[in-house]
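Asks: Have a look at this fold, sequence not included:
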Ligand code: R5P
């Protein structure tokens, strides 16, 4: 591991410490500070010449500051002659701006990919990209891990009966199907219509939730409009319990208030995005599962040129033990 260095941006410090503990090396020394005019300055405080450098930074809120810090971090490592730089982006912000769905709009996910590559990243390691095709926005290797094994393992321990996996929109059906196969439940789908960035409309559900335990999985909970409206709908249709799980707890705007009031028994998220303890307490139903071992193992394998996809076989084998 002598050649391996792991650094963290400000957005991912807690997760990065756990990742470096898993890998068994100390987190690299670096400092980020803001100039009085708002510019970001990053200094790597140890030698990285010829090293295999991993920089962990989620591009969560404040999205632009965190993205810029990641770009500057990569540039610092490149100019300090790192041999290879992997941008580890547990939550990839801007991923929902991945296509031109009307005239004169950007594809900002592609722009972010271009900037990360131009800054000098040699590869990217991320988790549950909102759209898997974003991997193709990069001309460098991208490993897109999934939080599914960690979430499935948690839910399988609960031994849930009369389970229905509800996809809160058509785009998430594939994900709900994977959980249904793992946990042995039925599948139901909600017809969602987005009215604005934070408001949505849901009236129809394909499937049956009456008297059932509903487990709803989403990749991102942002304003929580999607999962809270879906929870209300399934309860109206007779579901007896509603559990929600998600990879990325963005939890912005009215999310905390909505979740605190929604008929949701438990919200399980991962630590790709840090949730402050105040927000955690104000929602009251949040459980956080760490993806540090998943990321640490992926970093270990990338560093040693071992297969990353076989990492998931390892989780499959452990699940059945
Ligand atoms: C949408 O396609 C995503 O999978 C999420 O459902 C969505 O981004 C969640 O946003 P919000 O929490 O603001 O409804």
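Replies: Arrived safely, thanks for sending. None of these values were measured; they are calculated from a predicted model.
Asks: Enumerate the residues of this protein near the ligand.
Replies: Proximity of the chain to the ligand, by CB under 6 Å from any ligand atom, involves residues 96, 168-169, 171-172, 198, 218-226. Just so you know, the C-beta spots here come from the backbone N, C-alpha and C atoms, and that holds for glycine as well.
Asks: Need the buried ones from these selected in PyMOL.
Replies: To isolate the buried ones among these in PyMOL, judged by 16 or more other CB atoms under 10 Å, type:
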select buried, resi 96+168+169+172+198+218+219+220+221+222+223+224+225+226
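Asks: What does residue 141 show for phi and psi?
Replies: phi -60, psi 140 (degrees, to the nearest 10).
Asks: count of residues packed around it?
Replies: 13 (other CB atoms under 10 Å).
Asks: ok, now how distant is it from the ligand?
Replies: In this view, residue 141 and the ligand are 25 Å apart by CB to the nearest ligand atom, to the nearest Å.
Asks: Of the residues of the chain next to the ligand, which one scores lowest on pLDDT?
Replies: Within those, pLDDT reaches its minimum at residue 198, with 80.
Asks: Need the three-state assignment for whatever residue of the stretch 51-200 of the chain ends up closest to the ligand.
Replies: The ligand sits closest to residue 171 of the stretch 51-200 of the chain, with a gap of 4.9 Å, by CB to the nearest ligand atom. Following DSSP: H, G, I helix; E, B strand; the rest coil, we place residue 171 in the helix state.
Asks: OK, contacts around it?
Replies: By CB atoms under 8 Å, 6 or more residues apart in numbering, the contact set of residue 171 is empty.
Asks: thinking again about what came up before, so of the residues of the chain next to the ligand, which ones are in helices?
Replies: Counting by DSSP state H, these place 225-226 in helices.
Asks: tell me which element residue 87 falls in.
Replies: According to DSSP states H and E, residue 87 maps onto strand 84-89.
Asks: contact partners of that strand?
Replies: By CB under 8 Å, 6+ apart, strand 84-89 touches 52-59, 70, 74, 77-78, 116, 120-126, 295, 299, 302.
Asks: Mind doing that once more with 7 Å?
Replies: 52-59, 70, 74, 77-78, 116, 120-126, 295, 302 (CB atoms under 7 Å, 6 or more residues apart in numbering).
Asks: Next: stretch 173-182.
Replies: Residues from elsewhere that reach stretch 173-182 (CB under 7 Å, 6+ apart): 148, 152, 165-167, 186-187, 189, 215, 217, 219.
Asks: List buried residues within these.
Replies: Those of the contacts of stretch 173-182 that meet the buried threshold are 148, 152, 165-167, 187, 189, 215, 217, 219, by 16+ other CB under 10 Å.
Asks: quick one on the thing from earlier: got TSV for the contacts of stretch 173-182, with distance to residue 232 and secondary structure too?
Replies: Formatted as TSV, these follow (distance: CB to CB, whole Å; DSSP: H, G, I helix; E, B strand; the rest coil):
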residue	distance to residue 232	secondary structure
148	26	helix
152	26	helix
165	18	strand
166	12	strand
167	16	strand
186	20	strand
187	20	strand
189	16	strand
215	16	strand
217	17	strand
219	21	strand
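Asks: Mind picking the one among the residues you listed that's closest to residue 37?
Replies: Using CB to CB, residue 219 comes nearest to residue 37 of the contacts of stretch 173-182, at 36.1 Å.
Asks: need the contact list for the closest one.
Replies: Going by CB under 7 Å, 6+ apart, residue 219 touches 128, 130, 175, 246-248.
Asks: Can you report how many residues lie near residue 98?
Replies: 18.
Asks: Now do the contacts for it.
Replies: With CB under 7 Å, 6+ apart, residue 98 has these contacts: 107, 109, 130-131, 134.
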